[in-house]
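> just a sequence and a predicted model for now, questions to come.
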Amino acid sequence: MTQFIEPLTQPASLDLKKLNQKFEKSHPKDILTWCLFNIPSGLVQTSAFNVDDMLITDLLYRDLRPTHPVPVLFLDTLHHFPQTLDLVAKAKAIYDLNLKIYKIPGIKTREAFAAKYGQALWEKDIEQFSQLTKIEPLQRGLKELDTIAWITGRRRDQASTRSDMPIFELDAQKRLKVNPLANWTRKETWAYVFEHDVIYNPLHDQGYPSIGDEPLTTPVRDGEDERVGRWRDLGGKTECGIHGW
């Protein structure tokens, strides 16, 4: 395992090509172990509490169990399915999560959001909706948590737009972004979940392989990319924007 004498504080100094080559065929646990050893502080998991996110949380909190629990950053868009919010509460209790919830400042309900920004903003301006509910809260959360590296639940086989995604990359702020499941498949994720009895959103059993905001998420048909049910009929949009900066 590649290890540093001093904790990593400047991700831009990493040889990402070499690091990606080394871990290309590694188990997610080995990738997370590297992160915990080299980034003992400033490591954050971003989670939408989809099944892949829950797998990572299970590895971090049940298996690896670092001395200082990794913060789990959740974006409360105010538009989540009730099942998602129930899972957040259940996971917090089961794992004793160091849960950090970020949302739009000063707005506490979906109704208040509509009153300020108009009904169904996502139909009028999806980019503004994403900026308000996800991008700004995420940027603020990562900054307030003094993030050096953040962990995502993305896989290459989730969508064609992610087929070339590396395990390790830098975001626009030169933080390290870690995709420990990049080289895994949907089948491998579910095999792990069933083997270790990991809790997951019941909507996954109802045709929703990828779960986002309730007004913008639809079931997916056999043969479609997992994420095609997110923002369906919005010009082929498959990303909310949080991974594009």
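Looks like it came in fine.
> residue boundaries of the strands in this protein?
Using DSSP state E, the strands of the chain run over 43-46, 72-75, 99-102, 149-151, 168-170, 176-178.
> any chance of these in JSON lines, plus mean neighbour count?
Just so you know, the C-beta spots here come from the backbone N, C-alpha and C atoms, and that holds for glycine as well. What follows is these, written out as JSON lines (neighbours: other Cβ atoms under 10 Å):
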{"stretch": "strand 43-46", "mean neighbour count": "24"}
{"stretch": "strand 72-75", "mean neighbour count": "24"}
{"stretch": "strand 99-102", "mean neighbour count": "16"}
{"stretch": "strand 149-151", "mean neighbour count": "24"}
{"stretch": "strand 168-170", "mean neighbour count": "19"}
{"stretch": "strand 176-178", "mean neighbour count": "25"}
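> next, format those strands as TSV and append mean pLDDT and distance to Lys116.
Converted to TSV, the strands of the chain look like this (pLDDT from 0 to 100; distance: least, Cβ to Cβ, whole Å):
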stretch	mean pLDDT	distance to Lys116
strand 43-46	98	25
strand 72-75	98	18
strand 99-102	98	18
strand 149-151	98	29
strand 168-170	96	35
strand 176-178	97	31
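> and these: which comes nearest Thr109?
With Cβ to Cβ as the criterion, Thr109 lies closest to strand 99-102 of the strands of the chain, at 14.5 Å.
> how about residues contacting stretch 11-26?
Residues from elsewhere that reach stretch 11-26, judged by Cβ atoms under 8 Å, 6 or more residues apart in numbering: 2, 8, 30-31, 34, 148-149, 166-170, 174-176, 183.
> just name the closest of those residues to Asp222, please.
Asn183 (23.8 Å).
> shaky segments in the protein?
Within the chain, the segments meeting pLDDT under 70 span 1-5, 160, 223-225, 227, 229-245.
> picking up where we left off before, reformat the strands of the chain as a markdown table; add distance to Ile211.
What follows is the strands of the chain, written out as a markdown table (distance: least, Cβ to Cβ, whole Å):
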| stretch | distance to Ile211 |
| --- | --- |
| strand 43-46 | 15 |
| strand 72-75 | 13 |
| strand 99-102 | 17 |
| strand 149-151 | 19 |
| strand 168-170 | 24 |
| strand 176-178 | 21 |
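> nearest approach to Asp213 belongs to which of those?
Nearest of those (Cβ to Cβ): strand 72-75, 10.1 Å.
> what's the span of stretch 188-205 from first residue to last?
Start-to-end span of stretch 188-205 (Cα to Cα, to the nearest Å) is 16 Å.
> what's that stretch in contact with?
49-52, 54-55, 58, 62, 81, 83-84, 87, 90-91, 94, 155, 181, 208, 211.
> what lies in contact with the lengthiest helix in the chain?
Assignment by DSSP state H gives helix 82-95 as the longest helix of the chain. Outside helix 82-95, the residues that touch it by Cβ under 8 Å, 6+ apart are 48-49, 54, 57-58, 61-62, 74, 97, 99, 199-203, 211.
> please repeat the previous calculation with a cut-off of 7 Å.
The contact list for helix 82-95 (Cβ atoms under 7 Å, 6 or more residues apart in numbering) reads Phe49, Met54, Thr57, Tyr61, Phe74, Leu97, Leu99, Ile199, Asn201, Pro202, Leu203, Ile211.
> residues contacting the fourth one?
It stands for Tyr61. Counted by Cβ under 7 Å, 6+ apart, Tyr61 has contacts Pro69, Tyr95, Leu97.
> ok, 6 Å please
Counting by Cβ atoms under 6 Å, 6 or more residues apart in numbering, Tyr61 touches Tyr95.
> now do it against Gln45, distance only.
To Gln45, Tyr61 is 10 Å away according to Cβ to Cβ, to the nearest Å.
> and the residue nearest to Tyr117 when sequence neighbours are not counted, how many neighbours?
Spatial nearest neighbour of Tyr117, chain neighbours left out: Leu132 (7.0 Å); criterion: Cβ to Cβ, 6 or more residues apart in numbering. By other Cβ atoms under 10 Å, 20 other residues sit near Leu132.
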